[in-house]
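Novice: Got a predicted structure plus its sequence, pasted below:
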Amino acid sequence: MRILICAPTSREYRAMRYALDHASALRHDYNLVEVGIGKALSSAGLSRALATATQKYDMLAVIGFAASALGRKQGDIVMPSVAIHHDAIIPEGFCPEITDPRKLLGKDKEAVFTGDSFVNADIIREVKQRFGVDCGLFDMEIAAITQVAEMYGNIPVVAIKYVSDVPEEGHSEHSYDEFADAHSDFTPLLLRIEEL
């Protein structure tokens, strides 16, 4: 299978580049691209990568770090099954191309909620109440990346994320930085992709 791995940040790109360069044997054919942080940059970065690709991809894999609601702990690897824009406050049914959940290939029951900001405990509690969920991941790219994947022929998307921080437990951007600094080899994430 031909897979494009999407890394939002330079740190995530380097960690996956290290894993790919040090892998002894791989089942799939991989390309790696740094798409950028946030919905706009990641959409533009992925669109550029897909428009200039010489071959079609069978799958997109979005890797990296994500915050989590209570129920997960730092270091957990989660492969969510759905992506939702949590900061798209639009009346129900008015703009489904933005508000409808997007299916991911992950087997974990959690949704990943995408928004253009780091989340804190208050934001997470509000999102959980609004969507009627007890758990979930929070990132800044995946829901937007799924929309780009749809535009380029409905390429399937899988997300594989390390839980870097749990804001409801008091974690902050410093907790994220400390965790990310300590996890500079994404071999465990690459192995999850290899299992697909």
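Specialist: Right, received. Where do you want to start? Computed from a predicted model, the values in this text were never measured in an experiment. Residues are numbered from 1 along each chain as shown.
Novice: for the chain, which helix is longest?
Specialist: Under DSSP state H, the helix in the chain containing the largest number of residues is helix 38-52.
Novice: Report the rounded mean pLDDT for the helix or strand following that helix.
Specialist: Toward the C-terminal end, the helix or strand that comes next after helix 38-52 (DSSP states H and E) is strand 59-68. In this model, strand 59-68 has an average pLDDT of 97.
Novice: Tell me which residues are up against whichever helix or strand comes after strand 59-68.
Specialist: Using DSSP H and E, the helix or strand that follows strand 59-68 in sequence is strand 77-78. Contact with strand 77-78 is made by 66, 68, 72, 106, 108, 110, 137, 160-163, 188-189, 192, as judged by Cβ atoms under 8 Å, 6 or more residues apart in numbering. For glycine as for every other residue, the C-beta is placed from the backbone atoms N, C-alpha and C.
Novice: Ok, stretch 97-109 next?
Specialist: 59, 78-85, 88, 90, 92, 111-112, 135, 142-143, 146-147, 150, 156-160, 196.
Novice: Restrict those residues to the buried ones and give me that as a PyMOL selection.
Specialist: The buried residues among those can be selected in PyMOL (16 or more other Cβ atoms under 10 Å) with this line:
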select buried, resi 59+78+79+80+81+82+83+84+85+111+112+135+142+143+146+147+156+157+158+159+160+196
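Novice: Just give the number of residues close to Leu137.
Specialist: The tally of other residues near Leu137 (other Cβ atoms under 10 Å) stands at 27.
Novice: Can you pull the phi/psi pair for it?
Specialist: phi -100, psi 160 (degrees, to the nearest 10).
Novice: So it sits against Ala66, correct?
Specialist: Yes. Assessed by Cβ atoms under 8 Å, Leu137 is found in contact with Ala66 at 4.4 Å.
Novice: wait, what's in contact with Leu196?
Specialist: By Cβ under 8 Å, 6+ apart, the residues touching Leu196 are 1, 28, 59, 105, 158.
Novice: whoops, Leu190 was the one
Specialist: Going by Cβ under 8 Å, 6+ apart, Leu190 touches 16, 19-20, 23, 26.
Novice: In helices, which of the residues you listed fall?
Specialist: 16, 19-20.
Novice: Looking at neighbours, which among those residues is most surrounded?
Specialist: Neighbour max across the ones in helices among the contacts of Leu190 (other Cβ under 10 Å) = Met16, 26 neighbours.
Novice: And for the closest residue to that one other than its chain neighbours, the neighbour number?
Specialist: Closest residue to Met16 apart from its sequence neighbours, by Cβ to Cβ, 6 or more residues apart in numbering: Phe186 at 4.5 Å. Phe186 has 25 neighbours, counted by other Cβ under 10 Å.
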